[in-house]
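Q: sharing a model prediction with you, sequence too.
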Amino acid sequence: MERPTVLTGIKPTGHPHLGNYIGAIKPALEMAEDNRSQGIYFIADYHALNSVQDRQEFKEYTYEIAAAWLALGLDPDKVIFYRQSDVPEILELHWILSCMTPKGLMNRAHAYKAKVEENNLEGNDQDSGVNMGLFTYPILMASDILLFNSDQVPVGKDQVQHVEIARDIAENFNRTFGEVLKLPQYVIEEETAVIPGLDGRKMSKSYGNTIPLFTEEKALKKLINKIVTDSTPPEEPKEVKGSSLFTLYKEFAAEDEIESMREKYRKGIGWGQVKKEVFEVINRELREPRRKYYEYLEDTKALDEVLKRGAQEARSIAAVQLRKVKEMIGC
Ligand code: ADP
Ligand code: TRP
């Protein structure tokens, strides 16, 4: 049987953070382990363009995401790894799919809907601050996914709707023109679907509550100390469920460490001590990737080369699928 294709993208809109790693990068890398699947991982820079419109920032964030994937273990000889804007076929499919996507479907997409609600609350025009890139964002994402016959798309919870939209668009196309587009499945790990940030809400660049993945040791310690906890006294038993600190700990610690932490929660442990241990495991696991990350960022030429090579591979797959699609519609 053919290996399933696993595809995911991260948009370069800020410094990569722990939520991105745990929710997207780590599961994606695990899925590509042992060549169990064909991994196709990319930097969704055109997705970032609707919000990042500063040349320098755009470049820097793109390199940061690329360096992050590589530092965390992506092997470009095993996984197809590229920058979205280097694969123009995606945009060609984007137009084709746009012509078949009902506008109403986009009206219901959550990022746009949230913006409209915000505008309504503030008494602005409902589309104030909305560009067409934000509005049609899910169609570009559908193109990313459908162009590569993706079977599985590992994402965080907030992206589930977008994968469902990609399925809707594919079904619609197939119904009209015949079966060419494969319906993708999203993959989310329930437990890590939402990694909490410093304030307990979802860790997100848009909330300014993130712990950047490669922040220096001292800053990392400081940030972990800022994670909100309740006022239960140290000796009182604590729930691991719903504890931001435990959620983070679990992602970096070994099995026996997790068990022992569970036990400490049951018996009672001070939050200060938990924070110290959380810092220690995170720092231990990220020390080497951090070193590599800064090394990659020093050599952006090498990053460009890796990405260009990946784009060539991606384009050769994309071209075949695009040809099929165009044939079906009569081009
Ligand atoms: P942000 O919300 O910080 O802008 P992105 O939207 O760029 O993050 O997310 C990139 C990837 O990381 C997506 O697959 C997203 O679902 C995942 N992700 C982001 N934040 C979290 C989080 N707090 N918990 C789990 N996954 C997350
Ligand atoms: N929209 C995703 C996000 O905001 C990034 C993304 C773009 C993506 N294209 C994709 C994720 C295709 C999975 C598959 O995080």
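A: That came through fine. Ligands and ions are numbered 1, 2, ... in the order given.
Q: the longest helix seen in the chain close to ligand 2?
A: Using DSSP state H, we find that the single longest helix of the chain is helix 300-329. No - using CB under 6 Å from any ligand atom, helix 300-329 never reaches ligand 2; the gap is at least 12.7 Å. In this view, the C-beta of every residue, glycine as well, is placed from N, C-alpha and C.
Q: just checking, what packs against that helix?
A: Judged by 3 or more CB pairs under 8 Å, 6 or more residues apart in numbering; DSSP states H and E, helix 300-329 is in contact with strand 38-43, helix 55-71, strand 80-83, helix 89-98, helix 160-177.
Q: now mean pLDDT, distance to residue 11 and mean neighbour count too, for those, in TSV please.
A: Shown next, in TSV, are the helices and strands packed on helix 300-329 (pLDDT from 0 to 100; distance: least, CB to CB, whole Å; neighbours: other CB atoms under 10 Å):
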stretch	mean pLDDT	distance to residue 11	mean neighbour count
strand 38-43	98	8	25
helix 55-71	98	8	20
strand 80-83	98	11	24
helix 89-98	98	14	19
helix 160-177	98	12	18
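Q: nearest to residue 272 among those would be which one?
A: helix 55-71 (29.9 Å; CB to CB).
Q: outline the domain layout of this structure.
A: Following automatic domain parsing, the chain resolves into domains at 5-195+300-329, 214-293.
Q: dump those domains to TSV, plus distance to ligand 1.
A: Formatted as TSV, the domains of the chain follow (distance: least, CB to the nearest ligand atom, whole Å):
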stretch	distance to ligand 1
domain 5-195+300-329	2
domain 214-293	9
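Q: nearest to residue 207, of those domains?
A: Of these, nearest to residue 207 by CB to CB is domain 5-195+300-329, at 10.2 Å.
Q: ends of the closest one, how far apart?
A: One end of domain 5-195+300-329 to the other measures 25 Å (CA to CA, to the nearest Å).
Q: what residues does the stretch 1-150 of the chain have near ligand 2?
A: 7, 8, 9, 10, 11, 44, 47, 141, 144, 145.
Q: mind running it again at 8 Å?
A: 7-11, 24, 42, 44, 47, 84, 137, 140-141, 144-145, 150 (CB under 8 Å from any ligand atom).
Q: now, those that are in helices?
A: Short answer: those in helices (DSSP H) are 47, 137, 140, 141, 144, 145.
Q: who wins for neighbours among those?
A: residue 145 (29 neighbours; other CB atoms under 10 Å).
Q: next one: the spatially closest residue to residue 202 that is not a sequence neighbour from residue 203, what distance?
A: What sits nearest to residue 202 in space, not counting adjacent residues and going by CB to CB, 6 or more residues apart in numbering, is residue 194, at 5.0 Å. Per CB to CB, to the nearest Å, residue 194 is found 8 Å from residue 203.
Q: so which of those two has more stuff around it?
A: Neighbour totals were compared for residue 194 and residue 203, and residue 203 leads with 24 against 19 (other CB under 10 Å).
Q: list the contacts for the more buried one?
A: Counting by CB atoms under 8 Å, 6 or more residues apart in numbering, residue 203 touches 17, 18, 19, 195, 196, 197, 209, 210, 211.
Q: now do the same for it: its pLDDT.
A: What the model reports for residue 203 is a pLDDT of 93.
Q: and the gap between it and residue 131?
A: Residue 203 sits 26 Å away from residue 131 when distances are taken as CB to CB.
Q: again, but for residue 233
A: 51 Å.
Q: could you do residue 323 as well?
A: Applying CB to CB to residue 323 and residue 131 gives a distance of 31 Å.
Q: cool, residue 75 as well?
A: 36 Å.
Q: re the thing from before, would you mind finding the most buried of the domains of the chain?
A: domain 5-195+300-329 (a mean of 18; mean count of other CB atoms under 10 Å).
Q: before we move on, the earlier item: sort out for me which of the contacts of residue 203 are in helices.
A: 18, 19.
Q: just the closest of the contacts of residue 203 to residue 180, please.
A: Of these, the one sitting nearest to residue 180 (CB to CB) turns out to be residue 19, at 34.9 Å.
Q: where's that closest one relative to residue 88, distance?
A: In terms of CB to CB, residue 19 sits 31 Å off from residue 88.
Q: where in the stretch 151-300 of the chain is pLDDT low?
A: Across the stretch 151-300 of the chain, the ranges flagged by pLDDT under 70 are 191-193.
Q: the same query, at a cut-off of 80, please.
A: In the predicted model, the stretch 151-300 of the chain carries pLDDT under 80 at residues 189-193.
Q: show me which residues of it sit near ligand 2.
A: When proximity is defined as CB under 8 Å from any ligand atom, the stretch 151-300 of the chain approaches ligand 2 at 153, 154, 155, 156, 158, 159, 162, 163, 166.
Q: so the closest residue to the third one other than its chain neighbours: helix, strand or coil?
A: If you skip the residues right next to it in sequence, residue 155 has residue 186 as its closest partner in space, 5.7 Å away by CB to CB, 6+ apart. Taking DSSP: H, G, I helix; E, B strand; the rest coil as the rule, one finds residue 186 in the strand state.
Q: no further queries at this time; thank you.
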